[in-house]
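Visitor: Predicted model, plus sequence, below.
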Amino acid sequence: MNTDRDAEYEVVIVRYASRQTMRSQVYLNYHLYGEPDGPIGMDYYFWVIRNSHRTYVVDTGYSTLGGNNRNRGHLIHPGEALRKLGVDPDEATLILTHAHYDHAGNVDLFPNSTVIVPKTEFDFWTGPYARRLQYRHSVEGSEIDHLRTVYEQGRMQFHAGQELLAPGIEMIQLGGHSPGQAILTVKTSAGTVLLASDATHYYEELDRDMPFLVVADLEAMYAGFDEMKRLMAERGAILVPGHDPEVLGRHEQYEGELASFAASIGRLPQPTATTEKELV
């Protein structure tokens with residue numbers, strides 16, 4: 001029988017990279033807002049959801065290959081951050097919110113794990129239109145090939161629509177930024193956390209209704225904004241965007257070696273060990 005405690009988690013937010021860019025390189029058709037261009041920071045994150053029964057790693061950041069191909073390095077490699085967090089890849093389930101290079105770049109760190117992926121996302125990136133330039137710049141071909149291998153190995157679990165992955169963890173497909181872009185809601189002692197991933201990169205994106213530059217379906221992106229606002233209003237959900245430099249400052253700083261790179265929501269005592277691998 002599941003207890004309330006079984007359905008509550010710690011959410012660890014890990015910043016593995018950071019860069020500076022311009023607002024016109026972030027927001028779609030920025031000139032329409034009639035505002036001067038200016039610098040803006042972009043941080044890169046992945047997330048860990050865990051309690052004493054389950055560990056989920058949400059996205060895997062970009063690989064050394066993906067970073068090098070775009071002249072981007074790491075503050076800390078995701079694999080090293082996972083080690084410092086005490087995450088055993090063989091004891092964790094991997095969730096990919098979408099397949100862009102900066103979210104699906106180190107899936108090979110999980111050679112035995114189940115990988116949960118929106119089916120729409122997998123079907124698109126392994127289909128014919130993914131080869132077109134305006135799409136393929138967002139992914140690494142070799143990493144999409146690796147997802148095909150995961151599927152062939154029988155380790156891929158498809159997600160569609162709105163589903164409960166485990167008690168207290170819900171996955172919701174919105175689309176928009178990428179064809180199968182998904183978000184997660186997670187129950188914690190601090191309240192419901194809305195892991196938006198790239199459904200909104202920045203707080204401002206949602207607050208001001210400003211779509212991101214990279215968009216597969218603009219109507220779906222706007223609808224996703226509406227759905228996230230609804231979740232925040234109805235559930236009091238705590239929004240965690242996918243790239244905003246403000247994220248770590250809004251939450252409890254992680255302790256120890258990752259103090260400069262991570263924050264926690266719904267803090268659990270350290271160390272947190274996975275005692276049961278639960279797959280749904």
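Guide: On my side now, so go ahead.

Visitor: could I get the longest helix seen in the chain in CSV with only the CA atoms?
Guide: If you go by DSSP state H, the chain has its longest helix at helix 218-235. The C-alpha coordinates for helix 218-235 follow below in CSV (Å, rounded to 0.1, in the frame of the first residue of the first chain):
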residue,chain,number,x,y,z
LEU,A,218,3.3,27.9,-32.1
GLU,A,219,-0.3,27.3,-31.4
ALA,A,220,0.6,24.3,-29.2
MET,A,221,3.2,26.5,-27.4
TYR,A,222,0.6,29.1,-26.5
ALA,A,223,-1.8,26.3,-25.4
GLY,A,224,1.0,25.0,-23.2
PHE,A,225,1.4,28.4,-21.6
ASP,A,226,-2.3,28.4,-20.8
GLU,A,227,-2.1,24.9,-19.3
MET,A,228,0.9,25.7,-17.1
LYS,A,229,-0.8,28.8,-15.9
ARG,A,230,-3.9,26.7,-15.1
LEU,A,231,-1.8,24.3,-13.1
MET,A,232,-0.2,27.1,-11.2
ALA,A,233,-3.5,28.7,-10.4
GLU,A,234,-5.5,25.5,-9.5
ARG,A,235,-2.7,23.5,-7.7
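
Visitor: got the CA positions of the next helix or strand after that helix in CSV?
Guide: Using DSSP states H and E, the helix or strand that follows helix 218-235 in sequence is strand 238-241. The C-alpha coordinates for strand 238-241 follow below in CSV (Å, rounded to 0.1, in the frame of the first residue of the first chain):
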residue,chain,number,x,y,z
ILE,A,238,5.8,25.9,-8.1
LEU,A,239,7.2,26.7,-11.6
VAL,A,240,10.7,25.6,-12.5
PRO,A,241,11.5,26.8,-16.1
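
Visitor: Quick one: list the elements packing against the helix or strand following strand 238-241.
Guide: For strand 238-241, the following helix or strand on the C-terminal side (DSSP H and E) is strand 252-253. Where contact means 3 or more CB pairs under 8 Å, 6 or more residues apart in numbering; DSSP states H and E, strand 252-253 is packed against strand 262-265. No exception for glycine: its C-beta is placed from N, CA and C like everyone else's.

Visitor: Can you list the neighbours in contact with the strand it packs on?
Guide: Contacts made with strand 262-265 from outside it, assessed by CB atoms under 8 Å, 6 or more residues apart in numbering, are listed as 10-15, 81, 85, 188, 190, 193, 238, 240, 247-248, 250-254.

Visitor: Buried ones from the residues you listed, can you make that a PyMOL selection?
Guide: Typed into PyMOL, the line below selects the buried ones among the contacts of strand 262-265, using 16 or more other CB atoms under 10 Å:
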select buried, resi 10+11+12+13+14+15+81+85+188+190+193+238+240+247+248+251+254
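
Visitor: Buried residues of stretch 253-266, list them for me.
Guide: Judged by neighbour count using 16+ other CB under 10 Å, the buried positions of stretch 253-266 are 254, 258, 261-266.

Visitor: average pLDDT for it?
Guide: The pLDDT scores in stretch 253-266 average 94.

Visitor: got it, and stretch 108-127?
Guide: Rounded mean pLDDT across stretch 108-127 is 98.

Visitor: what does stretch 178-192 give?
Guide: Averaging pLDDT along stretch 178-192 gives 98.
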